[in-house]
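> Sequence and predicted model, in that order:
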Amino acid sequence: MNQSVIKFFQWFLNLSLIALGLVLVIFMVREVWIVLQYAMAPLFDVRNILQDMLMFFLFFAFLSTIVTYFKEKYHFPIRYLLYIGITATLRFIIVNRDDPVANLILSVVILVLMISYSLKIRNE
């Protein structure tokens, strides 16, 4: 009984991650299309292009995390969560650069994530 419940949840988790991966691929293609439309516009805004390119790479990071989960035999290393956290925080700083105090606080967040990553590497 207990083993069958575990297998069911593992199957459900795998199916959910595959569905999420397909949705992420659709969003990645959409972001590429949006960047191409911005680039072809006569008066394009570099900030919008940069924001959508960073969004593309964020989707890419999540998709590569899902692939890593399956490659690692259903194990999800914590360092990938730290990568995503650092990338997302950097993206937010680049796109929303209007508030210097908030950017300083976010820089401290990145520092904490980097320290966590270095501690994780040291323990392996």
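Good, I have the coordinates. Not measured: the values here are computed from a predicted model.
> Off-centre distance for stretch 28-43?
Its chain's C-alpha centre and that of stretch 28-43 lie 20 Å apart, by CA atoms, centre = their mean, to the nearest Å.
> Asp52: neighbouring residues, count only.
Asp52 has 19 neighbouring residues, counting by other CB atoms under 10 Å. Quick note: C-beta positions are derived from backbone N, CA and C, even for glycine.
> quick one: it and Glu31 touch, right?
Yes: using CB atoms under 8 Å, Asp52 is in contact with Glu31, at 5.3 Å.
> who's in contact with Val67?
Residues counted as contacts of Val67 (CB atoms under 8 Å, 6 or more residues apart in numbering) are Gly21.
> On the pLDDT front, check it for me.
Reading off the confidence values, Val67 has pLDDT 89.
> Which helix or which strand is home to it?
Per DSSP states H and E: Val67 is located in helix 46-71.
> what about that helix, distance to the chain center?
Its chain's C-alpha centre lies 5 Å from the corresponding centre of helix 46-71 when counted by CA atoms, centre = their mean.
> Gln51: what's it in contact with?
Taking CB under 8 Å, 6+ apart, we find Gln51 in contact with Val95.
> Quick check: it vs Ser64, distance?
20 Å (CB to CB, to the nearest Å).
> Show me which positions of the longest helix seen in the chain end up buried.
Taking DSSP state H as the criterion, the chain has its longest helix at helix 2-40. Buried residues in helix 2-40, counted by 16 or more other CB atoms under 10 Å: 17, 21, 24, 27-28, 31, 34-35, 38.
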